[in-house]
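A.B. asks: Fold the following, please.
(2 chains, ligands or ions: 1)
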Amino acid sequence: MAFDPVLYRELDDLNARYGEALDDGPLEDWPELFTEQCLYLIIPRENEERGLLLAIMRCESRDMLKDRVTAVRETMMYEPRYLRHHITNARILTQAGDTMSAVANFTVIEVLPEELPRILITGRYRDQLRREADGAWRFVERRCVYDSTLVPNSIIYPV
Amino acid sequence: MNPGTPSSSSSFQASLPHAPWAAAELSRIPYWLYTDQAVFAREMERIFCGRSWAYVGLAVEIPQAGDYLTTTVGNRPIIVCRNRDGELRAFANHCAHRGVKFCRQRSGKATRFTCPYHQWTYDLNGDLKGVPFRAGVKGQGGMPEDFDLSQHGLTPLKVAEHHGVLFASFDLSIEPFLDYLGDTNRYYFERVFDGRELRVIGYSRQLIPGNWKLMFENIKDPYHASLLHVFLVTFGLFRADQESQVKMDDTGRHGLLISRRGTQQATEHTKDIANLRADFTLRDARLLDPVKEFKDSATVVMQTIWPNLIVQQQSNTIAMRQIQPRGPDAFELSWTFFGYEDDDEAMRTRRLRQANLMSASGLVSGDDSEVIKLAQDGLKPYPEREAVLEMGGRGTHDEEHMVTETAIRAFYKYYREVMEL
Ligand SMILES: [Fe+2]
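C.D. replies: Numbers count the residues shown, from 1 in each chain, chains lettered A, B, ... in the order given. Okay, the predicted model is just below:
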């Protein structure tokens, strides 16, 4: 099925903004890319494939995304780090009016102080999107299904 | 093994190129203990492959005959399975022929195990059943006449199950699991594992770049919880001024941190907690909506079971944390989150939400994995120096408060016996 190229541009733009919010900030921009009622999950592929619901990060509303941002800013202790998102192969699966489902690959490079860049996590986004009244597409749902069983130490920032 | 023999104690220490660790000293821990390869090798041999019951999984993960899972005891790969009669078996995932780690699935169902290299085949008891070309080909080659299949099975481990939790030991003469656990720890173990059917809700696994003992020290250390974990403290989930206990077994190897939830408020006791954020409130309170589900008043019980298990019960998030060392500088922390088969929908959702606190991206446990790396980074270049463990005195007895490192000292008391170090 062929989709309007404009839709693809809009999807790529959203993914680029998404990576930018997490990599270059401000982090507060990240929740704004989701609808008010939404679901954000980081799930190991082994759970996803076995039908196990546990996510290592689970936010069930934009407010919960904001709480995660506040925790990253105010309560959590971690080594300072930079992330760099590489979001590729975005593809629209279905689209009808103001709703769309899509997928994309993600690879996040993490840079810790005094260490070489390394791959933090890699996997596939499974997205549900909606165009809201202001004309912008937002995530109703973003499931980040990552391929490795292990993560290197901790996932502090959302991916 | 004969713990505590002074002669071999000094001989192992004497073989190490380090400053000595004074006999019976528990309030100083030398940093070479976290980095030395010979110490690590001895830990694998004496602690993980010695007289200990290592956690290896939950019975509900392999409910039927032929079901298996793979894991490690220490750094050694093993398989736990049910044979054709449904009985639990465990053996090394290490072919008796050439050592191949032949089973590469996390879990599955099998009627036999076949090594991919030369197709040696074992049954579900780990017994060798087939060696291809054993009689040779066209009258040539083959195994010697006296080659005895029964002498080449997979290295067995003893298995114990208690209320749905599986443990294994390379020491086939080890005492029964409940004797090993002791009465106090049994009481708290059965508080979570009360005989109800468990339901696994998922896994989280992380590779933490620190020595495995740092993980145990962390969970046996209530002193840090009030200070490092701003999230816990801010929401009153664990705080120095709450009614708490630290309990051990007779040997010191197992431990319990028991506490009760308080409220989000500053008190005269929280003034040392520089990070307390009395003003921080959740925008979506569903993240933290704990309900009482155990019969006693404790809201958090962190149980450490020698040599590789943390049973975590913090509010309604319950998980096994299995420690799998990978050399002195790293360990895998493998979490199995679970609830009960009879949980209602609200409780299932609550457990999924509270997992935000405790996982590879936990709002609370993330502090610990991060600080363990910082500890390893900091201690590794200073092997001749030592940690100071004097909070709550220098003893190893139970305490009725959190301002103590007694459980860490007790851990090292038993550690020194087993290691003869
Ligand atoms: Fe902690």
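
A.B. asks: Look up which residues are beta-bridged to whatever residue of chain B ends up closest to chain A.
C.D. replies: Proximity of chain B to chain A (C-beta to the nearest C-beta) peaks at residue B:202, 2.3 Å away. To be clear about C-beta, it is placed using only N, CA and C from the backbone, and glycine gets the same treatment. Following DSSP bridges, residue B:202 is listed with bridge partners residue B:337.

A.B. asks: what does residue B:248 give?
C.D. replies: Note on residue B:248: beta-bridge partners residue B:255, judged by DSSP bridges.

A.B. asks: now residue A:95
C.D. replies: According to DSSP bridges, the residues that bridge with residue A:95 are residue A:100.

A.B. asks: so where do the strands sit in the stretch 251-400 of chain B?
C.D. replies: Assigned by DSSP state E, counting those that start in this stretch, the stretch 251-400 of chain B shows strands spanning B:255-259, B:300-305, B:309-314, B:317-325, B:331-340, B:386-388.

A.B. asks: Dump these into a markdown table; add distance to residue A:90 and mean pLDDT as well.
C.D. replies: Converted to a markdown table, the strands of the stretch 251-400 of chain B look like this (distance: least, C-beta to C-beta, whole Å; pLDDT from 0 to 100):
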| stretch | distance to residue A:90 | mean pLDDT |
| --- | --- | --- |
| strand B:255-259 | 47 | 96 |
| strand B:300-305 | 43 | 97 |
| strand B:309-314 | 38 | 97 |
| strand B:317-325 | 34 | 98 |
| strand B:331-340 | 31 | 98 |
| strand B:386-388 | 50 | 97 |
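
A.B. asks: now those in TSV, with mean neighbour count?
C.D. replies: As requested, the strands of the stretch 251-400 of chain B are exported to TSV (neighbours: other C-beta atoms under 10 Å in any protein chain shown):
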stretch	mean neighbour count
strand B:255-259	24
strand B:300-305	24
strand B:309-314	22
strand B:317-325	23
strand B:331-340	22
strand B:386-388	15
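
A.B. asks: how about those in CSV, adding distance to residue B:53?
C.D. replies: As requested, those are arranged in CSV below (distance: least, C-beta to C-beta, whole Å):
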stretch, distance to residue B:53
strand B:255-259, 15
strand B:300-305, 8
strand B:309-314, 9
strand B:317-325, 13
strand B:331-340, 17
strand B:386-388, 28
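
A.B. asks: Relative to residue B:215, which of those is closest?
C.D. replies: Minimum separation from residue B:215 across the strands of the stretch 251-400 of chain B (C-beta to C-beta) falls at strand B:317-325, 5.4 Å.

A.B. asks: what bits of the chain have low per-residue confidence?
C.D. replies: The chain I'm using is chain A. A:1 (pLDDT under 70).

A.B. asks: meant chain B actually
C.D. replies: Scanning chain B for pLDDT under 70 picks out B:1-10, B:263-271, B:273-276.

A.B. asks: Which one of the residues in chain A is closest to chain B?
C.D. replies: As assessed by C-beta to the nearest C-beta, chain B sits closest to residue A:54 within chain A, at 2.3 Å.

A.B. asks: what about that residue, which SS state?
C.D. replies: At residue A:54 the chain is in coil, as set by DSSP: H, G, I helix; E, B strand; the rest coil.

A.B. asks: What sits closest to it if chain neighbours are left out?
C.D. replies: Using C-beta to C-beta, 6 or more residues apart in numbering or on different chains and skipping the chain neighbours, the partner closest in space to residue A:54 is residue B:202 (2.3 Å).

A.B. asks: ok, now which ones touch that neighbour?
C.D. replies: A:43, A:44, A:47, A:52, A:53, A:54, A:55, B:337, B:355 (C-beta atoms under 8 Å, 6 or more residues apart in numbering or on different chains).

A.B. asks: helices or strands next to whichever strand or helix holds residue A:83 in the packing?
C.D. replies: Element membership for residue A:83, per DSSP states H and E: strand A:82-96. Where contact means 3 or more C-beta pairs under 8 Å, 6 or more residues apart in numbering or on different chains; DSSP states H and E, strand A:82-96 is packed against helix A:5-23, strand A:99-111.

A.B. asks: That strand: which residues count as buried?
C.D. replies: A:83, A:85, A:87, A:90, A:92, A:95 (16 or more other C-beta atoms under 10 Å in any protein chain shown).

A.B. asks: again with stretch B:137-156
C.D. replies: Result for stretch B:137-156 [16+ other C-beta under 10 Å]: buried residues B:149, B:152, B:153, B:154, B:156.
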